[in-house]
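> Just a sequence and a predicted model for now, questions to come.
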Amino acid sequence: MKRTLITGAAGFLGSHLVKRFLKEGHHVIGMDNLITGNLKNIEEFFPNPNFEFHHHDVSKYVHVAGELDYILHFASPASPIDYLKIPIQTLKVSSYGTHNLLGLAKAKKARILVASTSEVYGDPEVHPQVEEYYGNVNPVGPRGVYDEAKRYMEAVTMAYNTFHGVETRIVRIFNTYGPKMRLNDGRVLPAFIGQALRGEELTIFGDGSQTRSFCYVDDLIEGIYRLLLSDYSEPVNIGNPSEITIGEFAEEIIQLTNTDKKVTYKGLPVNDPKQRQPNISKAKTILNWEPKVSRSEGLRITYDYFKSLTHEELNKKEHNDFDKYIIR
Ligand code: UDP
């Protein structure tokens, strides 16, 4: 039986990975410090004897007893609001944390896949984004703590590959959505659906002309699984190229939720990328992968999940200082 460590296991993507790897017959060791993760996302796996959970911060030395075949490093805050709230932890988990997990991979002779991001391209001047593009990142802007930590993550991962011969994989994840996203993490999809469900107006930042390309979580997990099993150690974009403006996206959510509320416009956050769309040629040729779930299908499933939340969960507000970073 393969033994697989998943960090960030109680988070959105981590919890979907736990499910997938258990289904593939692995023994899964989930690790999370629960700063942004939620045990509710993985409580269904606790009765499974092939699952164990370790409450640990991977920025500190990581100890796992026994052998390991695979490590998937998915621990990190992943929304602009979180970077502002916990900037130092955001830096540490992708720098110290990645370094610790690479050391663990080396010691255990395990293959490691790290979760990088389209944010390494910053506010991109090349469109759609190809893996060869170096990016346009502001290191000292509000997103710098995330973007630069992820860029360092890629650098140290490649160094362990070339210098120590560790088997490494790097996935660059584009905007992904689905059940188990945190409702109040400030990201656009939970924000819009939460607002619609509470009967509030949908908040569009800026004029809504900025674009994103949204991938349904099951498609992403399939891509990650294929990349892990491949022999390709350069970064690979995984995302859905279907691009939409945030203004059009708000209209889709209004239709989906059948709300009678409209949109309201707020300031645009500093360094908010103007456009984002993955070029997925590499994933297509190397992994024989492309997304299968349309946005309308994925949004329907995701809406059903958010509708199933309790009244208390739906109305829980998280404090944030986001307004400080709006361009005026
Ligand atoms: N956005 C918005 N309203 C919200 C939250 C986000 O218009 O309530 C915009 C945000 O400015 C960005 C896009 O939606 O242009 C996606 O934001 P998100 O935080 O989901 O992810 P990003 O891709 O920017 O990391």
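Done, it's in. Residues are numbered from 1 along each chain as shown.

> tell me which element Ser15 falls in.
Using DSSP states H and E, Ser15 maps to helix 12-23.

> Contacts for that helix next, please.
4, 6-9, 28, 30, 32, 37, 41-42, 45, 48, 50-51, 72, 74-75, 78, 115, 173, 176, 178, 180-182, 217-218, 220-221, 224-225 (C-beta atoms under 8 Å, 6 or more residues apart in numbering). For glycine as for every other residue, the C-beta is placed from the backbone atoms N, C-alpha and C.

> Among those, which lie within strands?
Per DSSP state E, strands hold the following members of these: 4, 6-7, 28, 30, 32, 51, 72, 115, 173, 176.

> Quick one: those as CSV, columns for distance to the ligand too.
As requested, the ones in strands among the contacts of helix 12-23 are exported to CSV (distance: C-beta to the nearest ligand atom, whole Å):
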residue, distance to the ligand
Thr4, 28
Ile6, 22
Thr7, 21
Val28, 28
Gly30, 25
Asp32, 21
Phe51, 30
Leu72, 21
Ala115, 14
Ile173, 11
Thr176, 10
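
> Dump these to TSV, plus neighbour count and pLDDT.
Formatted as TSV, these follow (neighbours: other C-beta atoms under 10 Å; pLDDT from 0 to 100):
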residue	neighbour count	pLDDT
Thr4	23	98
Ile6	30	99
Thr7	31	98
Val28	26	98
Gly30	28	98
Asp32	27	98
Phe51	21	98
Leu72	28	99
Ala115	25	98
Ile173	22	98
Thr176	24	98
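
> Closest to Thr310 out of those residues?
Comparing the ones in strands among the contacts of helix 12-23 against Thr310 with C-beta to C-beta places Asp32 closest, at 22.3 Å.

> Find the nearest non-adjacent residue to Leu104, please.
Leaving aside its chain neighbours, Leu104 sits nearest to Val62 (5.3 Å; criterion: C-beta to C-beta, 6 or more residues apart in numbering).

> Tell me if I am right that the one you found is in a strand.
No - per DSSP: H, G, I helix; E, B strand; the rest coil, Val62 lies outside any strand segment and is coil.

> before we move on, back to that, can you state the direction angle for the helix holding Ser15 and strand 3-7?
Between helix 12-23 and strand 3-7, the angle comes out at 170 degrees (axes from the mean of the first three to the mean of the last three C-alpha atoms, to 10 degrees).

> Only alpha carbons, please: show helix 12-23 as CSV.
Listed next in CSV are the C-alpha coordinates belonging to helix 12-23 (Å, rounded to 0.1, in the frame of the first residue of the first chain):
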residue,chain,number,x,y,z
PHE,A,12,-10.3,23.1,0.2
LEU,A,13,-7.9,21.4,-2.2
GLY,A,14,-6.2,19.2,0.5
SER,A,15,-9.5,17.6,1.5
HIS,A,16,-10.4,16.7,-2.1
LEU,A,17,-6.9,15.2,-2.5
VAL,A,18,-7.4,13.1,0.7
LYS,A,19,-10.6,11.8,-0.8
ARG,A,20,-8.9,10.9,-4.1
PHE,A,21,-5.9,9.2,-2.7
LEU,A,22,-7.9,7.2,-0.3
LYS,A,23,-10.0,6.1,-3.3
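
> ok, Phe192 to the ligand distance?
Noted for Phe192: a distance of 7 Å to the ligand, by C-beta to the nearest ligand atom, to the nearest Å.

> okay, the angle between the helix holding Ser15 and strand 27-32?
If you take the same axes, to 10 degrees, helix 12-23 sits at 170 degrees to strand 27-32.

> can you redo the ones in strands among the contacts of helix 12-23 as a markdown table with distance to Arg198?
Compiled in a markdown table, those are given as follows (distance: C-beta to C-beta, whole Å):
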| residue | distance to Arg198 |
| --- | --- |
| Thr4 | 38 |
| Ile6 | 33 |
| Thr7 | 33 |
| Val28 | 35 |
| Gly30 | 32 |
| Asp32 | 28 |
| Phe51 | 34 |
| Leu72 | 34 |
| Ala115 | 31 |
| Ile173 | 28 |
| Thr176 | 24 |
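
> for Ile193, phi and psi?
With angles defined as degrees, to the nearest 10, Ile193 sits at phi -70, psi -40.

> Without its sequence neighbours, what residue ends up closest to it?
Once flanking residues are discounted, Ile193 sits nearest to Phe306: 4.8 Å by C-beta to C-beta, 6+ apart.

> tell me which residues of the helix or strand where Ile254 lies are tucked away?
In the assignment (DSSP H and E), Ile254 maps to helix 246-257. Residues 246-247, 249-250, 253-254, 256-257 are the ones in helix 246-257 that count as buried (16 or more other C-beta atoms under 10 Å).
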